[in-house]
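[1] Sequence plus predicted model, see below.
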Amino acid sequence: MIGVAVAATWFIGVLLIGPTGDLTAEASRMLAIFGAAVVLWVTEAIPLAATSIFVILAEILMISDQALVGLPSGFEAPPYAEFFSTLAHPVLILFLGGFVLAAAAAKYGLDKNLAGVMLRPFGSSPKALMGGLMAITAALSMFMSNTATTAAMMAVVLPVAAGLDPTDRFRSGLILSIPIAANVGGIGTPVGSPPNAIALGRLVDEGIRIDFVQWMLLALPVALAVLGVAWIVMVRWFPADVERVDVSIGGAFDRSPAAIVLYGTFAFTVAAWITEPLHGVPSSVIGFVPVVVLLATQVFSTSDLRLLNWHVLWLVGGGIALGLGVAETGLDTWLVGLFDWSTLPTLALTAALALLSIGLSTIISNSATANLIVPIGVSLAASEAVDLDPLVAGMVIALSCSLAMALPVSTPPNAVAYASGAVKTSDLAKVGLVVGGVGVVLVVFVAPPLWKAVGLL
């Protein structure tokens, strides 16, 4: 209740003060909404998705053409439908397609069977087994939610871990490797993690459209490098007491007609996403195909549809709406103007955005963090105050949010692994800080120059 009280006090107080100095009437209203959203997302006083819906409703009632109180004549209020449409933003449709594919894969055991097939070449060597598990988890997490991937892979790895001596450090390492790999793999594609979608949505508002393959070209090298570092850390800190590990994972693939339809749809969707530059069909349109096909063929039922993580879609939609409102009212310009950013070197500014993102994401949801930082960070980069590419700003924030993994509360995959009882908070903190720290260094100091050198910027 304290969070709600603080949010309400801010909201009402800013509205009562109204416009002042360079802060216009419409921007002051948006400031009231923005501040209240910050408090509610950080404190989680109400569900995160509820805050997102509050943002959309407040923007409609206060800064749209249906505002309850008139706005200055010089302000062209956006249509109220523009804010409602954020709940069907192309980025959300892309995510919906990923959710449906992931849920259908779990329903027919495709995820576990794929893991079993992909893991066989790695043999029974502990180091190779851990590397294989991390590679498979990261790969699945690129096309499924990292939470769903972790849940599936934990079901795969727990029986293997149960066969090891409880005092064997490798047992804990094997389980801990799953959430670490899922978090890192999620940055590799637009559908891998909500911060990716939030950044994409804000960049679209700035006229910067990034397709599926472009995102992979930008983010995948970072993910692979961080994954390699994570594997080295894991095998050094969690050595095995045995030379061989008995692995028996997966079973026969479901050969029912429904499962075959799923396999074909899954393969088509992933292939179409990867070849987007060749055919030009937007990834969001491609992502809608499996939704229609799987529902129409009853491979995915309406009962299954009800079980999707709709609250995540609403959370992302609220973040997109927040960015839209901040830009439409000029609040971004006002916030950027509070500090002389030109005195800050570009590299220092990039590092500040990354550190703020990973620091806040460590203690609150990475989606909530992205919702708060992406609108301001991209707006700052788009202004003339600094020499920072908006695309770089959006990518740095999104990737840094997903690299926060030092606490059980940092990400759902961490919580899943911690709930197994085999992972200590101290181990999670050490590994998360090292892997996340290395990731931020790569994102800030290595990735942008590399992107520029190969012509991606």
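    It's in. Not measured: the values here are computed from a predicted model. Residues are numbered from 1 along each chain as shown.
[2] all contacts plus neighbour counts: C-alpha atoms, from now on.
    Fine.
[3] By residue count, what's the longest helix in this protein?
    Looking across the chain with DSSP state H, the single longest helix is helix 212-237.
[4] In contact with M62, which residues are there?
    For M62, the contact set (CA atoms under 8 Å, 6 or more residues apart in numbering) comprises 29, 68-69.
[5] Kindly report the same for V289.
    Residues near V289 by CA under 8 Å, 6+ apart: 97, 269.
[6] from the chain's centre, how far out does the helix or strand harbouring it sit?
    Assessed by DSSP states H and E, V289 sits inside helix 283-296. Offset of helix 283-296 from its chain centre (CA atoms, centre = their mean, to the nearest Å): 21 Å.
[7] mind listing what's buried in that helix?
    For helix 283-296, burial by neighbour count (16 or more other CA atoms under 10 Å) applies to 283-284, 286-291, 294-295.
[8] Determine how far stretch 237-245 lies from the middle of the whole chain.
    With CA atoms, centre = their mean, you get 33 Å for stretch 237-245.
[9] Confirm L338 sits in a helix?
    No: L338 is assigned coil when assessed by DSSP: H, G, I helix; E, B strand; the rest coil, not a helix.
[10] returning to what we had before: any idea which of the contacts of M62 is the one closest to P90?
    R29 (27.2 Å; CA to CA).
[11] distance of the residue lying closest to that closest one once chain neighbours are set aside from A25?
    The spatially closest residue to R29, leaving aside those adjacent along the chain, is L15, at 6.2 Å (CA to CA, 6 or more residues apart in numbering). To A25, L15 is 9 Å away according to CA to CA, to the nearest Å.
[12] Same question for I232.
    For I232, the distance to A25 - CA to CA - is 54 Å.
[13] the more surrounded of those two?
    Applying other CA atoms under 10 Å to I232 and A25 shows that A25 carries more neighbours, namely 18 against 13.
[14] Find the nearest non-adjacent residue to that one, please.
    Excluding its sequence neighbours, the residue lying closest to A25 (CA to CA, 6+ apart) is P19, at 4.8 Å.
[15] can you tell me which residues contact that neighbour?
    The contact partners of P19, taken as CA under 8 Å, 6+ apart, are 25, 27-28.
[16] So which of the contacts of M62 is the closest to S383?
    Using CA to CA, those come closest to S383 at R29, 21.7 Å.
[17] Name the helix or strand for that closest one, please.
    Taking DSSP H and E as the criterion, R29 maps to helix 25-43.
[18] who's in contact with that helix?
    3-4, 6-8, 10-12, 14-15, 18-19, 46, 48, 51-52, 55, 58-59, 62-63, 71-72, 75, 322, 325-326, 329-331, 364, 368, 372.
[19] and it, average pLDDT?
    Throughout helix 25-43, pLDDT has a mean value of 89.
[20] With stretch 130-139 instead?
    On average, the pLDDT along stretch 130-139 is 90.
[21] Return the distance of that stretch from the chain's centre.
    19 Å.
[22] low pLDDT regions in the protein?
    Counting by pLDDT under 70, the chain contains low-confidence ranges at 115, 148, 155, 246-252, 409, 419.
[23] quick one: the longest helix of the chain to helix 283-296, angle?
    Helix 212-237 and helix 283-296 are oriented at 80 degrees to each other (axes from the mean of the first three to the mean of the last three CA atoms, to 10 degrees).
[24] what helices or strands is helix 212-237 leaning on?
    helix 126-141, helix 169-185, helix 257-274, helix 276-279, helix 425-441, helix 447-453 (3 or more CA pairs under 8 Å, 6 or more residues apart in numbering; DSSP states H and E).
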